[in-house]
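*Asks:* Structure of the sequence below:
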Amino acid sequence: MTTAQAITAGLFAVSTVVAGVVGVTLSGFFPTVSRPDTLGGITGGALVGLLSASALALGLTALWTAIDVLSWTVIVICGGMGILIAPMVFEGLPRGFCDSRPGVLTLTGIASLLLVLVLGVTTY
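*Replies:* The predicted structure follows:
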């Protein structure tokens, strides 16, 4: 495995974990009636939409990069590991953090930062 492949595999695994944590977080926000009061209204809906868009972009970009660079066995192992670890990471987060505006903004920032890193690897 080359250095570029190892970096891509690591970023893919971390991206899978982050996308999984965001997915589990988002599952508590739909339908809109079940959203916490702190994420109600237009701005709360916009934050949830932004989080959804950043997680979707991260997941698709990481998968596309992994398919382009890695073998299928590495993709399955790293992706499976990320999917299995994501709920445990979510359980470790404080409930108030996940249901607050700063928490949603933090998750959006982490997903966006990873997206930039994954895109940087593709141009490298």
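
*Asks:* make it CA atoms for all contacts and neighbour counts henceforth
*Replies:* Will do.

*Asks:* which helices and strands sit right next to the lowest-mean-pLDDT helix or strand in the chain?
*Replies:* Between all helices and strands in the chain, the lowest mean by mean pLDDT, DSSP states H and E belongs to helix 95-98, at a mean of 88. Packing partners of helix 95-98 (3 or more C-alpha pairs under 8 Å, 6 or more residues apart in numbering; DSSP states H and E): helix 101-123.

*Asks:* which helices and strands does the helix it packs on pack with?
*Replies:* So helix 101-123, by 3+ C-alpha pairs under 8 Å, 6+ apart, packs with helix 3-27, helix 41-69, helix 95-98.

*Asks:* what are the C-alpha coordinates of stretch 100-117, in CSV please?
*Replies:* Provided in CSV are the C-alpha atoms of stretch 100-117 (Å, rounded to 0.1, in the frame of the first residue of the first chain):
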residue,chain,number,x,y,z
SER,A,100,-28.1,22.3,20.5
ARG,A,101,-27.3,24.8,17.8
PRO,A,102,-23.6,24.9,18.8
GLY,A,103,-23.5,21.1,18.6
VAL,A,104,-25.1,21.0,15.1
LEU,A,105,-22.7,23.7,14.0
THR,A,106,-19.7,21.8,15.4
LEU,A,107,-20.8,18.6,13.6
THR,A,108,-21.3,20.6,10.4
GLY,A,109,-17.8,22.1,10.8
ILE,A,110,-16.2,18.8,11.3
ALA,A,111,-17.9,17.3,8.3
SER,A,112,-16.9,20.3,6.2
LEU,A,113,-13.3,20.2,7.3
LEU,A,114,-13.1,16.5,6.5
LEU,A,115,-14.7,17.2,3.1
VAL,A,116,-11.9,19.8,2.4
LEU,A,117,-9.3,17.2,3.5
